[in-house]
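[1] Have a look; sequence and predicted model below, questions after that.
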Amino acid sequence: MRPWWFRLLGYARSERSGLLSLALLMVAGIAFATLTPWPMKIIVDYVLPGKALPQNLQWISALPGAASPAGLLAWLVGSTVLLFIAARTLSTIQNYVQAGVGTRMVYHLGADLFDHLQRLSLRVHSQQRAGDLVRRVTNDSGCVRDVVTGVFLPMITSTLSLITMFAVMWQLDRSLSLLALLAAIPLPIFMKILTPRMVQRTYHQAELQGDLMAHVEQTLTALPVVQAFGRESHSDTVFRSISDRILRAYLRTLLSQAWFKVFVGAPTAIGSAVIMAVGALHVLQGSLSVGSLLVFLAYLGALYGPISGLAYLSSSFASAAGSSRRVLEMLDVDPGVRDASKAKPLPTHPVGVRGHVQLRDVSFGYESDRAVLRGVTLEAFPGEVVAIVGPTGAGKSTLVSLIPRFFDPWEGSVILDGIDVRDLKLSSLRAQVAVVLQEPFLLPLTVAENIAYGRPEASREEVVAAAATANADEFIQELPRGYDTVIGERGSTLSGGEKQRIAIARALLKDASILILDEPTSALDASTEASLLEALERLMAGRTTFVIAHRLSTIRNADRIVVIENGQVIETGTHDELIAGSKSYRRYYNLQSGSAQAEADMRAHDPVEAEVQEK
């Protein structure tokens, strides 16, 4: 398997031109750094003592006014200023280019992770925390910038700078150059010992920060419950507890980085002191000029800078390793549901998608040792309305979730128009399935954008027509900006009935062949439900519809009612057939409706059973 950093370097390919520009700017910076000490050397060795310039520097005297000592001094001082300005300008340009290159790579990685998370099955998401996933996308994806522009690019330029500086130092004094290298020998040892601890502490800190973000997201999205049960203090206590743990983890990370810098800086500091002493002896012995010593010491700082930089890269590498681990472990998660290699779109000609759905001996569960559905066989013919009833936890919602492939069954198959849904492209399959849930999941967009969410290319006229059919146009027109009114988070600015009407309009506009209604009215009062039934009837017309509901109003007129208990189909038939021949359905129907109509039905079909129920 490829190392994690190699995978991240793949994002550098799209930024080749920017990285090449960065490399050239860094090389130019090295050149200016190499030239910077020389004006000082010439001033100390030749201008101040009044000596003539050597043959290889005679070209300086040819500059205008440089023949006199004062003119030469002016040129050398001016060149120092120009070198400084040029170096700072290059550094500014380099930082600008580097910021652009690094940020683009971060967003590319973040976009890939975000896209992958959207395609993970709901089963995978049920095991994750939304806040932690947000942090992985928005924060941890910065690891690619840290690796490319914070580790590998500096490593290349530091190595080049190291070679350049050492080559010049070798020409000035070979013995001092060897001493400078000896001081760097302990650095790889310290890097090997201290880096793993920094990696682990950085990862632990990132994990805790993910916990904190998950807690904040969880609390704010459930704020009505938090306030209703007076749990504000508890949530605050949890926040502070996690914050304290993050602080301790952060300080441990800083401490490990600080010790790393101490162990890295000590050899170079000792080396600098030794070289300063030995160099001074060489000056006293006459084998080295004062200017050459000053240049050598300047280069020594420039030499130890890249050496220390290479060592400190371990700290940056450790930080990037912790974040990249969190990013790549999610990118490596199997989506669970994906297009097969030979998947094909649903055929739309000559008759289009008919909506003939079959579940054949299907078994499925969310945990490997606990099945939710066991050998379920079910068929819905085009245009039929199939109601699915049963106690909470029986597997009703799980069953209909297999149709649009939110999950794939362990055993058996789901067939649409004679084709196994696993042989169809997901986009093609889901384009033919519309869903209306108990919780509509409206987005903080305009009303029109929410209705057109499944068909963003729809015209305003089509959006209004769908809303009118869903009996939503009247209340939408009364909103402050009509269809351009922005809805609150999760539809908080609308009533339950208004949210459901918009959800019905959204499903109408999508115009899918298969419709899934998962208890769309169970959270509404009776009067609101009654006002929605007409819209639901219009929505179901001509579509193969699966209805999960408890109330009589939404299942009584279904073409077929399927009763599920303990993940198995125990009864199937029309309402009248089941009332007449099924004790389980009659008991369930009576309990769920609790109405006079239920009692009348019971007495009409089985007076004895009705008497038993009354007792």
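    Here it is on my side, so go on.

[2] Every contact and neighbour count from this point should use C-alpha atoms.
    Will do.

[3] so where do the helices sit in the stretch 301-450 of the chain?
    Read by DSSP state H, counting those that start in this stretch, the stretch 301-450 of the chain holds these helices, from start to end of the chain: 396-401, 426-430, 447-451.

[4] Now render those as CSV, adding distance to Asn557 and mean pLDDT.
    What follows is the helices of the stretch 301-450 of the chain, written out as CSV (distance: least, CA to CA, whole Å; pLDDT from 0 to 100):
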stretch, distance to Asn557, mean pLDDT
helix 396-401, 19, 88
helix 426-430, 27, 87
helix 447-451, 28, 90
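
[5] Which of those has the highest mean neighbour count?
    For these, average neighbour numbers computed from mean count of other CA atoms under 10 Å are highest in helix 447-451, which has a mean of 25.

[6] could you dump the helices of the stretch 301-450 of the chain to CSV with distance to Lys499?
    As requested, these are arranged in CSV below (distance: least, CA to CA, whole Å):
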stretch, distance to Lys499
helix 396-401, 20
helix 426-430, 22
helix 447-451, 10
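
[7] In contact with Asp361, which residues?
    For Asp361, the set of contacting residues under the criterion of CA atoms under 8 Å, 6 or more residues apart in numbering consists of Arg374, Gly375, Val376, Thr377, Glu411, Gly412, Ser413.

[8] Out of those residues, who's the most crowded?
    The most neighbours of any of the contacts of Asp361, using other CA atoms under 10 Å, belong to Ser413, which has 22 neighbours.

[9] show me what contacts that one?
    Contacts here follow CA under 8 Å, 6+ apart; on that basis Ser413 touches Leu359, Arg360, Asp361, Val362, Asp420, Val421.

[10] which strand residues sit across from the second one in the sheet?
    Right, the one you point to is Arg360. Applying DSSP bridges to Arg360 gives these bridge partners: Ser413.

[11] who touches it in this structure?
    Residues counted as contacts of Arg360 (CA under 8 Å, 6+ apart) are Gly375, Val376, Thr377, Leu378, Gly412, Ser413, Val414, Ile415.

[12] Would you mind checking which of those residues is nearest to Ala130?
    Of all the contacts of Arg360, the one sitting nearest Ala130 is Val414; the distance, using CA to CA, is 29.9 Å.

[13] gap between that closest one and Gln358?
    Between Val414 and Gln358 the distance is 6 Å, computed by CA to CA, to the nearest Å.

[14] thinking again about what came up before, ok, of the contacts of Ser413, which one's closest to Val148?
    Ranked by distance to Val148 (CA to CA), the contacts of Ser413 are led by Val421 at 42.2 Å.

[15] I figured the closest one was touching Val414, is that so?
    Yes. Contact between Val421 and Val414 holds when scored by CA atoms under 8 Å: they sit 6.0 Å apart.

[16] Spit out the residues that contact these two alike.
    Common neighbours of Val421 and Val414, using CA under 8 Å, 6+ apart, are Ile403.

[17] and this protein, what are its domains?
    The record's domain parsing of the chain by automatic domain parsing lists 4-331, 575-615.

[18] most packed of the ones you listed?
    Mean neighbour count, computed with mean count of other CA under 10 Å, is highest for domain 4-331 among these, reaching a mean of 17.

[19] related to what we said a few turns ago, right, and the pair among the contacts of Ser413 with maximum separation?
    Among the contacts of Ser413, the pair separated by the greatest distance (CA to CA) is Asp361 and Val421, at 14.7 Å.

[20] Name the nearest of the contacts of Asp361 relative to Thr469.
    Each of the contacts of Asp361 was checked against Thr469 using CA to CA; the closest is Thr377, at 34.2 Å.

[21] before we move on, the earlier item: out of the contacts of Arg360, which comes closest to Leu122?
    Val414 (17.7 Å).

[22] tell me the contacts of that closest one?
    With contacts defined as CA under 8 Å, 6+ apart, Val414 is in contact with Val357, Gln358, Leu359, Arg360, Val362, Leu402, Ile403, Asp420, Val421.

[23] The fifth one - how many residues pack around it?
    Number of residues near Val362 (other CA under 10 Å) recorded here: 21.

[24] Confirm that Gly271 sits in a helix.
    Yes. Counting by DSSP: H, G, I helix; E, B strand; the rest coil, Gly271 falls inside a helix.

[25] gap between it and Val262?
    In this structure, Gly271 and Val262 are 14 Å apart, going by CA to CA.

[26] List phi and psi for the residue nearest in space to the middle of the chain.
    For the chain, the residue nearest the mean C-alpha position is Val137 (2.6 Å; CA atoms, centre = their mean). Here the main-chain torsion angles of Val137 (degrees, to the nearest 10) amount to phi -70, psi -50.

[27] Distance check, it against Leu113.
    When CA to CA is applied, the distance between Val137 and Leu113 equals 6 Å.

[28] Now do the shared contacts for the two.
    Counting by CA under 8 Å, 6+ apart, the shared contacts of Val137 and Leu113 are Val327.

[29] Next, the contact list for the closest residue to Val337 other than its chain neighbours, please.
    With sequence-adjacent residues excluded and distances taken as CA to CA, 6 or more residues apart in numbering, Val337 is closest to Ser121, at 5.8 Å. With contact taken as CA under 8 Å, 6+ apart, Ser121 is in contact with Pro335, Gly336, Val337, Phe406, Phe407.

[30] Please indicate which of those residues are buried?
    Among those, those buried by neighbour count (16 or more other CA atoms under 10 Å) are Pro335, Val337, Phe406, Phe407.

[31] where's the second one relative to Ile193, distance?
    Separation of Val337 from Ile193 (CA to CA): 43 Å.

[32] Kindly report the same for Thr34.
    The gap separating Thr34 from Ile193 is 33 Å, by CA to CA.

[33] Over to Arg16?
    Here Arg16 is placed at a distance of 34 Å from Ile193 (CA to CA).

[34] Ok, Ser323 next?
    If you measure Ser323 against Ile193 using CA to CA, the figure is 21 Å.

[35] ok, now Leu212?
    For Leu212, the distance to Ile193 under the criterion CA to CA works out to 31 Å.

[36] hmm, back to that, among the contacts of Val414, name the ones in strands.
    Assignment to strands by DSSP state E places the following of the contacts of Val414 there: Val357, Gln358, Leu359, Arg360, Val362, Asp420.

[37] isn't the first one right up against Asp420?
    Just to be clear, that refers to Val357. No. When contacts are counted by CA under 8 Å, Val357 is not listed as touching Asp420 (9.9 Å).

[38] Name the residue in those two with the higher neighbour count.
    Remark: of Val357 and Asp420, Val357 carries more neighbours, 23 against 14, as counted by other CA under 10 Å.

[39] need the contact list for the more buried one.
    By CA under 8 Å, 6+ apart, the residues touching Val357 are Glu379, Ala380, Phe381, Pro382, Val414, Ile415, Leu416, Asp417.

[40] ok, 6 Å please
    Neighbouring residues of Val357 by CA atoms under 6 Å, 6 or more residues apart in numbering: Glu379, Ala380, Ile415, Leu416.

[41] Many thanks, have a good one.
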